[in-house]
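>>> curious how this folds, go ahead:
(one chain, ligands or ions: 1)
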Amino acid sequence: MQKEHLEADVVVTGGGLAGVCAGLAAARNGASVVLIQDRPVLGGNTSSEISVHAGGADFDGNRPHARESGIIEELRLEDAVHDPRCVPVMWDLTLYDAVRREPRITLLLNTSVTGVRMAAPGRIAQVEAIRPSTQHAFTIGGDMFLDCTGDGWLGYFAGADYRMGREARQEHGEPHALGPDNFTLGASLCFIARDVGEPREFFPPPWAKRFLTCDALPHRHPDLCRTGFWWNELGGVFDMTRDTERVRDELVATLLGLWDHIKNHCPQCRDLARTWELEWFGWVPGKRETRRLLGDHILTELDLVEARPFEDAVAHGGWPIDLHPPWGIYDREPPALMLPLEDIYSIPLRALYSRNVENLLFAGRCASATHVAFGSTRLAATGAAMGQAAGTAAAMAAFRGCTPREIADRHIRELQEILLRQDQYIPDLAAQDEGDMARKAQISASSEAEGCEAASVANGLTRHRRGRTNQWASGEGQPLPQWLELRWPQPRAVGEIHLTFDTGFARPLTHSQYPSTLKKQVRGPQPETVKDFRIEAWLDGSWRAVARITGNYQRKRVLKLGHLLATEAMRIVVEATQGDPQARIYEVRVYG
Ligand SMILES: Cc1cc2nc3c(=O)[nH]c(=O)nc-3n(C[C@H](O)[C@H](O)[C@H](O)COP(=O)(O)OP(=O)(O)OC[C@H]3O[C@@H](n4cnc5c(N)ncnc54)[C@H](O)[C@@H]3O)c2cc1C
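Okay, the predicted model is just below:
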């Protein structure tokens, strides 16, 4: 093996959606990052290898205006514009492209983290990793380390406290806890099928499972569909950190057995399926639950159900608590129990760092939650939001030379302000950034729609919530261009303008193979978004354009003027939208 040593401020292990967002967040906040992913593509369960779609707090559009913002929204918008058909490998490309554009990230693909070297008990000095394809053995030193492996491998190597399995009801007072035992949610293999318009036969291999009658699949009758079946699930009674290979073999057998049932045996599907064929199926089992690393706080069912507020809230979730029976496809129980949540809930920073390894943070499947709470926190976009929070906290801790716990205890408001400025959503927390000059401005507009006043753009909130739109919208029936004006009693030195646009949070948006989810989406720029706009400044007695953007489709835009401009008034003039007749802006921030 060829030995190589790397150093970074922040080392991120695991390149699923949580790891990608953590790496991007840490790098964008100034940290050098090494991102280590054991497979050839980024995205984890959401990659083309597994093809799970990234759902989250908006419950696939059933909870409007709850979608995650920040980095995951930026990625989804890029994907919707460049990949209108949702071609699976294009999502891999969206993630790879975002990482590759970031000069502070060193990406190690096909590289597996295999161990750690500790500086002292409870403090990681380096991770060890190998890349078999090139026979490289890496050591990677850093200040802060993130475990986004889903399986909690880094935490395990470092001796971090973790749980695997279901808690007892009395342990955290959780009504739906069924343990104590070692059962987890299982892993699945899914397929994509298509109608080719001419007859196709299917010959199952002899080792495929035989589901000859519909009764062989209680509560799980397969329908003829393009994408199936998340409930082709096994492994809940095994240890999916060690038993993955044999569970994969069994899952391939059940998957082909299900397709055999549809094609050759099912009286309801057989005729319709005559012209259908399998187009793709996964070989990498999509894992749901393995190790959950333990933080200073463990999120519980009641935290979610009661939407408990946390002083150190840094992210949010909102998918129902979605629990599966341990025997998966062979279980006699229905494949999922969905416990609805009335509202979205907050995720505290204390659930994103280890309680006994001082420089270890985590996000996604590894986050600190009970089995029941994990039923909701495991959603891919919820993990992405956690990743942004944990990555940002890691960069902050690395620069301050402090621990994530100290960030939670002493610097949480500062972290929250950074996150809000970078478009992370924290439930009901309004930004109060003293450096933002928009907060001191008198704000007016060329026209206003009812309930969408101009002043909303500086109220610190950036989405519809609790009956308020929190956005400026130009008057109905008023033709574009429309403008929004910020005026100060004295001239201000302006260098940077932040704008947050509307990207249609009333609808879902995510890369998906499910026709039912795709049907609700706009694949392309979102119509509500401001497309062409200019910034004008009041200079020497007249309005002068100082910046102009065309073709925008992103929600958050940061315009750097390149120099400081002394002005007592600025206008954002909306010239065109991506389709909506009204101009819409959630937030304007102005910095020196
Ligand atoms: C079949 C199925 C259906 C699902 N349906 C949905 C759904 O509809 N919507 C939704 O939002 N969520 C769904 N989920 C859950 C969701 O996919 C996951 O919880 C989420 O993707 C987890 O993201 P993550 O980044 O934490 O982990 P992962 O996606 O597991 O990514 C972790 C990455 O780390 C890598 N890794 C592991 N060990 C190492 C190591 N030692 N060194 C380097 N890299 C390593 C892994 O290869 C992996 O790529 C589903 C899951 C499954 C399996």
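>>> what's near enough to touch residue 438?
457, 458, 486, 588, 589, 590 (Cβ atoms under 8 Å, 6 or more residues apart in numbering). Glycine gets a C-beta too; all of them are placed from N, C-alpha and C.
>>> which of the residues you listed sits closest to the ligand?
Checking the contacts of residue 438 against the ligand by Cβ to the nearest ligand atom gives residue 589 as the nearest, at 30.0 Å.
>>> got phi/psi on that closest one?
Residue 589 adopts backbone torsions of phi -130, psi 140, taken as degrees, to the nearest 10.
>>> how many residues are close by the residue lying closest to it once chain neighbours are set aside?
Leaving aside its sequence neighbours, residue 589 sits nearest to residue 498 (Cβ to Cβ, 6 or more residues apart in numbering; 3.8 Å). Neighbour count for residue 498, taken as other Cβ atoms under 10 Å: 19.
>>> thought residue 498 was touching residue 421?
Yes: the pair residue 498 / residue 421 is scored as a contact, 7.1 Å apart, by Cβ atoms under 8 Å.
>>> any shared contact partners between those two?
Contacts common to residue 498 and residue 421, judged by Cβ under 8 Å, 6+ apart, are residue 589.
>>> count the residues that sit near residue 519.
The number of residues packed near residue 519 is 9, by other Cβ under 10 Å.
>>> coming back round to it: select only the buried ones of the contacts of residue 438 in PyMOL?
For the buried members of the contacts of residue 438, the matching PyMOL selection, counting by 16 or more other Cβ atoms under 10 Å, is:
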select buried, resi 457+458+486+588+589+590
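>>> let's have the contacts of residue 438 in a markdown table, adding distance to residue 133, pLDDT and secondary structure.
A markdown table is the format used below for the contacts of residue 438 (distance: Cβ to Cβ, whole Å; pLDDT from 0 to 100; DSSP: H, G, I helix; E, B strand; the rest coil):
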| residue | distance to residue 133 | pLDDT | secondary structure |
| --- | --- | --- | --- |
| 457 | 51 | 98 | helix |
| 458 | 52 | 98 | helix |
| 486 | 54 | 98 | strand |
| 588 | 49 | 98 | strand |
| 589 | 45 | 98 | strand |
| 590 | 49 | 98 | strand |
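>>> could I get the contacts of residue 438 as JSON lines with distance to residue 394?
Below are the contacts of residue 438 laid out as JSON lines (distance: Cβ to Cβ, whole Å):
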{"residue": "457", "distance to residue 394": "31"}
{"residue": "458", "distance to residue 394": "30"}
{"residue": "486", "distance to residue 394": "34"}
{"residue": "588", "distance to residue 394": "29"}
{"residue": "589", "distance to residue 394": "24"}
{"residue": "590", "distance to residue 394": "29"}
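>>> turn the contacts of residue 438 into TSV, including distance to the ligand.
As requested, the contacts of residue 438 are arranged in TSV below (distance: Cβ to the nearest ligand atom, whole Å):
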residue	distance to the ligand
457	31
458	33
486	38
588	32
589	30
590	35
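>>> does residue 577 have beta-bridge partners, and which?
Per DSSP bridges, the residues bridged to residue 577 are residue 530.
>>> how about the contacts made by it?
Contacts of residue 577 by Cβ under 8 Å, 6+ apart are 480, 527, 528, 529, 530, 531, 583, 584.
>>> just confirm the first one is within a helix.
Spelled out, that is residue 480. No: according to DSSP: H, G, I helix; E, B strand; the rest coil, residue 480 belongs to no helix; its state is coil.
>>> any idea how many residues pack against it?
When neighbours are defined as other Cβ under 10 Å, residue 480 has 20 of them.
>>> correct me if wrong: it contacts residue 584.
No: under the criterion of Cβ under 8 Å, residue 480 makes no contact with residue 584, lying 11.4 Å away.
>>> which residues do those two both contact?
Residues touching both residue 480 and residue 584 (Cβ under 8 Å, 6+ apart) are 474, 577.
>>> list the contacts for residue 492?
Listed by Cβ under 8 Å, 6+ apart, the contact set of residue 492 reads 437, 566, 567, 568, 590, 592.
>>> which pair of those residues spans the longest distance?
Farthest pair in those (Cβ to Cβ) is 568 and 592. Separation: 14.4 Å.
>>> between those two, who's got more neighbours?
residue 568 (15 against 11).
>>> which residue is the nearest non-sequential neighbour of that one?
Spatially, and ignoring its direct neighbours in sequence, residue 568 is nearest to residue 491 (4.6 Å; Cβ to Cβ, 6+ apart).
>>> residues contacting the closest residue to residue 554 other than its chain neighbours?
Leaving aside its sequence neighbours, residue 554 sits nearest to residue 77 (Cβ to Cβ, 6+ apart; 5.7 Å). Counting by Cβ under 8 Å, 6+ apart, residue 77 touches 503, 509, 525, 526, 553, 554, 555.
>>> try it again with 7 Å
503, 553, 554, 555 (Cβ atoms under 7 Å, 6 or more residues apart in numbering).
>>> between those residues, which sits nearest the ligand?
residue 503 (18.7 Å).
>>> what's around the closest one, how many residues?
Count around residue 503 with other Cβ under 10 Å applied: 27.
>>> can you check residue 560 too?
Neighbours of residue 560 using other Cβ under 10 Å come to 10.
>>> and what of residue 507?
By other Cβ under 10 Å, neighbour count at residue 507 equals 16.
>>> do the same with residue 208
Neighbour count for residue 208, taken as other Cβ under 10 Å: 19.
>>> ditto for residue 97
Based on other Cβ under 10 Å, the number of other residues close to residue 97 is 16.
>>> equivalent analysis for residue 481, please.
15.
>>> list the contacts for it?
Neighbouring residues of residue 481 by Cβ under 7 Å, 6+ apart: 573, 574, 575.
>>> among the residues you listed, which one has the most neighbours?
residue 574 (25 neighbours).
>>> just confirm it is within a helix.
No: applying three-state DSSP, one finds residue 574 to be strand, outside a helix.
>>> doesn't residue 480 make contact with it?
Yes: contact criterion Cβ atoms under 7 Å: residue 574 and residue 480 qualify, at 6.0 Å.
>>> shared neighbours of these two, which are they?
Common neighbours of residue 574 and residue 480 (Cβ under 7 Å, 6+ apart) are residue 583.
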